[in-house]
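Peer 1: Sequence isn't available, so here's the structure alone:
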């Protein structure tokens with residue numbers, strides 16, 4: 001396993017052309033514990049808001065509910081580790097460690113990625129406590145979405161490199177995950193538009 005972090009960058013006016021060229025990418029998700037609806041909605045909305053201006057669109061499917069016979073031109077499988085909620089937040093120091101990682105085999109980037117809900121929550125919990133209670137699920141879900149967008153960058157830009165700024169940089173601050181806006185920088189945006197790997201899988205994968 002190789003750890004990769006998050007991304008940024010927007011080129012206006014490109015999305016319509018991109019949508020005409022590429023079908024939506026299927027994201028198969030599995031959670032060790034089901035997240036609250038507010039967290040899941042914010043997570044998905046954040047990934048879409050980061051990726052849609054670049055021209056990447058997604059269809060979200062629950063891997064546990066799949067019939068195993070769907071055909072997908074492009075896909076990724078995302079596993080969310082731990083507990084993806086905001087119960088029992090603590091006002092304590094920042095956690096430093098892996099928030100997400102993408103699988104690599106023999107130098108080949110695989111379409112499998114993991115996000116640690118527990119570690120993301122521990123990292124941002126002090127920051128979450130500064131927001132009204134009714135806003136915390138959305139903020140936490142958005143942070144998870146930014147970690148996932150970073151990992152999807154590695155898969156769909158087909159690169160192990162990181163950017164110097166934005167979603168594709170190697171490490172994040174709490175502010176990066178909780179700020180109102182966080183996007184790819186121009187160089188990484190271009191890589192996502194031009195470096196797409198050829199699909200290696202054409203049907204739903206089995207359980208990991």
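Peer 2: Yep, that arrived. Everything numeric in this text was worked out from a predicted model, so none of it was measured. Numbering: from 1, shown residues only.

Peer 1: mind listing the strands for this structure?
Peer 2: 25-31, 58-62, 75-81, 100-105, 108-116 (DSSP state E).

Peer 1: For residue 154, find the nearest of these.
Peer 2: Distance to residue 154, taken as CB to CB, is lowest for strand 100-105 among these, at 4.7 Å. Heads up, the C-betas are built off the backbone N, CA and C, glycines and all.

Peer 1: in the closest one, what counts as buried?
Peer 2: The neighbour-count check on strand 100-105 (16 or more other CB atoms under 10 Å) flags 100, 101, 102, 103, 104 as buried.

Peer 1: related to what we said a few turns ago, tell me which of the strands of the chain approaches residue 52 most closely.
Peer 2: That would be strand 58-62 among the strands of the chain, by CB to CB, at 8.8 Å.

Peer 1: Walk me through which strands the closest one pairs with, and which way each runs.
Peer 2: strand 25-31 (parallel) (DSSP bridges).

Peer 1: low pLDDT regions in the chain?
Peer 2: In the predicted model of the chain, residues 1-22, 66-72, 93-94, 197-208 satisfy pLDDT under 70.

Peer 1: which residue is nearest the middle of it?
Peer 2: For the chain, residue 148 is the residue whose C-alpha lies nearest the centre (CA atoms, centre = their mean; 1.4 Å).

Peer 1: Can you add distance to residue 171 and give the buried residues of strand 100-105 back as CSV?
Peer 2: Listed next are those as CSV, based on distance: CB to CB, whole Å:
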residue, distance to residue 171
100, 12
101, 13
102, 15
103, 20
104, 18
